[in-house]
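3D model of this:
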Amino acid sequence: MTGLGTRTVLEISSLTLIGLILGWGFSKSGMPMPYLMGSLLVTSLYSVAIANPQGRRIGFPTFIRKCSMAVIGVMIGTSFTPDILHLLPGLWPSVTAMIIYVALMQTLGYFFFRHLGRYDHPTAYFSAMPGGFVEAVALGEEAGADTRILILQHFSRIVIIVLFVPLAFFILAGEAVGSGAGQTYGPQDFNLLMGVKWVILVATGMLIARFIHLPAGHMMGPLILSCIVHAGGWTSLTSPNWLFNSAQLIIGLGLGAMFTGLPGKVMARVVGLGAATVAVALMVALLFAIGLARYVDLSIMTLFICFAPGGAVEMGLIALSLGINPLIVVLHHLLRILFTVGMNGIVSRWFHSNR
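Numbering: from 1, shown residues only. This next block holds a predicted model:
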């Protein structure tokens, strides 16, 4: 933390400790992405209640936040294994429908936030991204969107989906499901060689992205590089809980530090808009699932999980709890993230060049 004053170091250290404790509490309650939620909640509240009235912002190092986003990018890429590639040929109807769904919800969401929310163009566009909390904020920040609104908009989306999806499955399936936060899909062994591979993928991905001017390159570069090496079977990395939780914690701290004051009326409107868009997205996802069930060898429940605009980990864990193949669910959400981020990366660059 070179260049940071003593007050800032103590401030960040205290917020980190409190966020860690709250995240641990959230993880015990089964909440998805508990450490991101905990640190984001603590830091954003501190920003709004204490730092902002004093006319200052928390000096959280941007580079550390970007490195943590790079770690998340590599983690997403680790799911892109040869086994998943072998599933693709038989899933082309649902994958094609996923692309249509993403484009549809992006378009509807943009007009919704633009005309009802009266957001500026980049804020409306990236608020409408159907999934991808970190990705939406990273791309929106580069495009000139209001990061305060983006953070709160996607934060409310995640919370609403986490609360609603288990309830929806209880109604549809007659059984309770929930997030098994803390579970992972792979083994937890992590040694020095594994650590070196992680560092190489993160650093190389960030450097290549910077060299070719890739939008949101600190995340997209490592993500694409990780997809390539895992799809080719050249390496296989595990994503241990402590690394995932640490990245969540740091990203939450960094995002919360950007959370300058929003009036209470604006916050209420953002959450209300979030609830409305999530409701529409889930209803459209259910319609897609019902329509596709006759064309692919997947149940309506499986397809609904594949289309629900939540995180790949959370939807995968719900799939596990229902005895559904999590690889199929992760594949759809991974492709959704890759398509959404790739498409919106181009849009982010267009917004950036026209600012």
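
which of the residues in the host helix or strand of V42 are buried?
Assigned by DSSP states H and E, V42 belongs to helix 34-46. Buried positions in helix 34-46, judged by neighbour count with 16 or more other CB atoms under 10 Å: 34-44, 46. Using the backbone N, CA and C atoms, a C-beta is placed for each residue, glycine as well.

of the residues you listed, closest to L243?
For the buried residues of helix 34-46, the residue nearest L243 by CB to CB is Y35; the value is 11.2 Å.

The closest one and K28 touch, don't they?
No. At 11.9 Å, Y35 does not count as touching K28 under the criterion of CB atoms under 8 Å.

Can you name the element that comes right after the helix or strand of the chain with the lowest mean pLDDT?
The helix or strand of the chain with the poorest confidence is helix 312-321; it has a mean of 62 (mean pLDDT, DSSP states H and E). Using DSSP H and E, the helix or strand that follows helix 312-321 in sequence is helix 326-353.

what's the overlap in contacts for Y35 and K28?
By CB atoms under 8 Å, 6 or more residues apart in numbering, Y35 and K28 have no common neighbours.

Please state the mean pLDDT value computed over stretch 59-75.
The pLDDT scores in stretch 59-75 average 85.

picking that back up, with distance to V102 added, can I get the buried residues of helix 34-46 in TSV?
Putting those into TSV (distance: CB to CB, whole Å) gives the following:
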residue	distance to V102
P34	27
Y35	27
L36	23
M37	24
G38	29
S39	28
L40	25
L41	28
V42	32
T43	30
S44	28
Y46	35
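
about what we covered before: from the contact count, pick out the helices and strands touching the helix holding V42.
The helices and strands touching helix 34-46, judged by 3 or more CB pairs under 8 Å, 6 or more residues apart in numbering; DSSP states H and E, are helix 6-28, helix 147-173, helix 241-257.

what's the neighbour count on the closest residue to G274 other than its chain neighbours?
In space, and not counting its chain neighbours, G274 is closest to S156: 3.5 Å by CB to CB, 6 or more residues apart in numbering. For S156, the count of nearby residues is 19 (other CB atoms under 10 Å).

And for R157?
Counted with other CB under 10 Å, R157 comes out at 25.

ok, now S13?
11.

Okay, it and L253: tell me how far apart.
Going from S13 to L253 by CB to CB, to the nearest Å gives 11 Å.

again with F211
28 Å.

out of the two, which sits in the more crowded spot?
Higher neighbour count among F211 and L253: L253, with 28 against 10, using other CB under 10 Å.

Would you list the phi and psi of the nearest residue to V280 once chain neighbours are set aside?
Spatially, and ignoring its direct neighbours in sequence, V280 is nearest to L108 (7.0 Å; CB to CB, 6+ apart). Per-residue torsions, L108: phi -60, psi -40 (degrees, to the nearest 10).

Contacts only, for I250.
With CB under 8 Å, 6+ apart, I250 has these contacts: 39, 64-65, 67-68.

one more time with 7 Å
64-65, 68 (CB atoms under 7 Å, 6 or more residues apart in numbering).

what residues do S13 and L253 have in common as contacts?
Listed as contacting both S13 and L253 by CB under 7 Å, 6+ apart is no residue at all.

other SSEs contacting the helix or strand harbouring T123?
Assigned by DSSP H and E, T123 falls within helix 121-127. Packed against helix 121-127 by the contact rule (3 or more CB pairs under 7 Å, 6 or more residues apart in numbering; DSSP states H and E) you find helix 92-111, helix 133-143, helix 147-173, helix 326-353.

repeat that for 6 Å
Contacts defined by 3 or more CB pairs under 6 Å, 6 or more residues apart in numbering; DSSP states H and E place helix 121-127 against helix 133-143, helix 147-173.

Compare the mean pLDDT across the ones you listed and name the weakest.
Lowest mean pLDDT within the helices and strands packed on helix 121-127: helix 147-173, a mean of 73.

Burial check on L225, number of neighbours?
Neighbours of L225 under the rule other CB under 10 Å: 22.

and G19, what is it in contact with?
38-39, 42, 249 (CB atoms under 6 Å, 6 or more residues apart in numbering).

about what we covered before: so which of the buried residues of helix 34-46 comes closest to T204?
L36 (25.1 Å).

Give me the distance between L40 and L255.
L40 is 6 Å from L255, by CB to CB.

Repeat that for L88.
Counting by CB to CB, the gap from L88 to L255 is 33 Å.

So for these two, which sits in the more crowded spot?
Ranked by neighbour count (other CB under 10 Å), L88 and L255 place L255 first, with 28 against 11.

so how far is Y101 from the more buried one?
Noted for L255: a distance of 27 Å to Y101, by CB to CB.

Near H115, how many other residues are there?
Neighbours of H115 (other CB under 10 Å): 10.

about what we covered before: buried ones from the contacts of I250, can you make that a PyMOL selection?
Applying 16+ other CB under 10 Å to the contacts of I250, the buried members can be selected in PyMOL as follows:
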select buried, resi 65+68
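
any idea which of the contacts of I250 is the one closest to C227?
Checking the contacts of I250 against C227 by CB to CB gives S68 as the nearest, at 18.8 Å.

Show me what whichever strand or helix holds that closest one packs onto, helices and strands only.
Under the criterion of DSSP H and E, S68 resides in helix 62-78. Secondary-structure packing of helix 62-78 (3+ CB pairs under 6 Å, 6+ apart): helix 192-211, helix 217-231, helix 241-257.

Compare these and report which one is nearest to M129.
helix 217-231 (13.5 Å).

for T235, helix, strand, or coil?
coil (DSSP: H, G, I helix; E, B strand; the rest coil).
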